[in-house]
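Participant: Next comes the sequence, and after it the predicted model I'd like to discuss.
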Amino acid sequence: MNRERAGYLAAGGLIFALIGCSTLGGESVSSKGTIRIAVNLPLSGSDGGGRTALNGVKFAVQRAANGIDGWNLALDVYDDTRQGASNADAGVENIRTMVGRGDVGMIGPYTSSIAKAEIPIAAGAHLTMISPSNSHPCLTKNVPGCADPMSLRNGHPLNYFRVVTTDEYQSVAMADYFYDVLSMRKVGVLDDSATGRRFAQAFEAEFTARGGSTLHRSYLKEQVSDFTPYLRPFKEGGAGGIYIGGTDDQNACTWDPIRRKWRARNPQFGTSSRLFHAVGISVISR
């Protein structure tokens with residue numbers, strides 16, 4: 001299941017988690033009032049990945065058109081982007097508007113860094129947050145390298161929840177998949193020299209512990225326009241696939257065009273080069 005479809009399904013289910021396990025009204029009844037629910041996602045520009053999740057929320061609200069246990073639903077939609085990118089200040093401003101409007105909770109945010117900025121404001125206002133995509137462990141887990149997540153709430157009750165697992169499981173699961181399912185024993189590992197490096201290292205640790213070997217390179221987005229110098233050593237070194245630890249804003253998701261360019265420029269390796277039989281990507285910016 002791809003990330004967008006998962007976001008769509010998760011967001012649809014979150015509506016009912018947010019309002020409790022009530023039943024959908026089969027026919028119109030006298031209304032007890034209106035429950036306002038907010039959506040706070042990136043909806044515009046190049047970082048508009050929240051649009052699919054918004055569709056899931058709208059679908060859930062449409063299913064509840066006759067109300068839930070006598071309550072009508074109203075949906076308030078907020079965009080947390082500025083100049084085409086997710087922005088923490090925009091997210092915080094949206095939270096304050098939700099509180100003033102009387103929203104009981106929100107679906108979002110899409111990005112973990114936005115959640116970190118929003119949680120202190122929302123917790124103080126007792127505004128429930130349910131994210132369909134946040135994966136950074138520090139938001140809920142007291143693990144090495146993270147501050148106590150309760151410090152984000154400033155003594156207020158827990159108000160933040162998510163429906164996806166955290167980042168540290170991605171790379172280990174991918175290493176097991178390469179080794180067990182794809183039966184690969186040598187893999188090229190590429191990291192973005194930033195957040196993705198620790199995930200690339202975790203992949204290597206698991207993969208080599210299983211008996212495999214790796215070829216590891218790092219890149220800097222601003223210094224790379226041609227990935228051939230990174231791909232050629234993987235191919236020549238006998239790698240059967242590539243694992244990439246990186247964020248989408250560091251071009252970690254651009255591998256289809258990279259693959260096509262590689263094959264066009266290096267016909268001596270053949271058009272069915274097994275190097276690209278498997279490209280595993282842990283995109284951990286959310």
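Facilitator: Cool, got the structure.
Participant: Glu236: neighbour count?
Facilitator: Number of residues near Glu236 (other CB atoms under 10 Å) recorded here: 11. C-beta: built from backbone N, CA, C; applies to glycine.
Participant: Thr140 too?
Facilitator: 19.
Participant: which ones are touching it?
Facilitator: Thr140 makes contact with 149, 160, 162, 166 under the criterion CB atoms under 8 Å, 6 or more residues apart in numbering.
Participant: Please convert the buried members of those into ChimeraX selection syntax.
Facilitator: Command for ChimeraX that selects the buried part of the contacts of Thr140, burial taken from 16 or more other CB atoms under 10 Å:
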select :149,160,162,166
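Participant: farthest-separated two in the contacts of Thr140?
Facilitator: Pairwise distances across these peak at 13.2 Å for Tyr160 and Thr166 (criterion: CB to CB).
Participant: Which helix or strand in the protein has the lowest average pLDDT?
Facilitator: Averaged element by element with mean pLDDT, DSSP states H and E, the chain has its least confident helix or strand at strand 279-283 (a mean of 48).
Participant: Does anything pack onto the host helix or strand of Gln62? Which helices or strands?
Facilitator: Assigned by DSSP states H and E, Gln62 belongs to helix 50-63. Applying 3 or more CB pairs under 8 Å, 6 or more residues apart in numbering; DSSP states H and E, one finds that helix 50-63 makes contact with helix 3-19, strand 33-41, strand 71-79.
Participant: which stretch in these is the model least sure about?
Facilitator: Mean pLDDT values for the helices and strands packed on helix 50-63 show the minimum at helix 3-19, a mean of 50.
Participant: before we move on, the earlier item: mind giving me JSON lines with the contacts of Thr140 and columns for pLDDT, distance to Leu182 and secondary structure?
Facilitator: Listed next are the contacts of Thr140 as JSON lines, based on pLDDT from 0 to 100; distance: CB to CB, whole Å; DSSP: H, G, I helix; E, B strand; the rest coil:
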{"residue": "Pro149", "pLDDT": "91", "distance to Leu182": "35", "secondary structure": "helix"}
{"residue": "Tyr160", "pLDDT": "96", "distance to Leu182": "36", "secondary structure": "strand"}
{"residue": "Arg162", "pLDDT": "94", "distance to Leu182": "29", "secondary structure": "strand"}
{"residue": "Thr166", "pLDDT": "85", "distance to Leu182": "24", "secondary structure": "coil"}
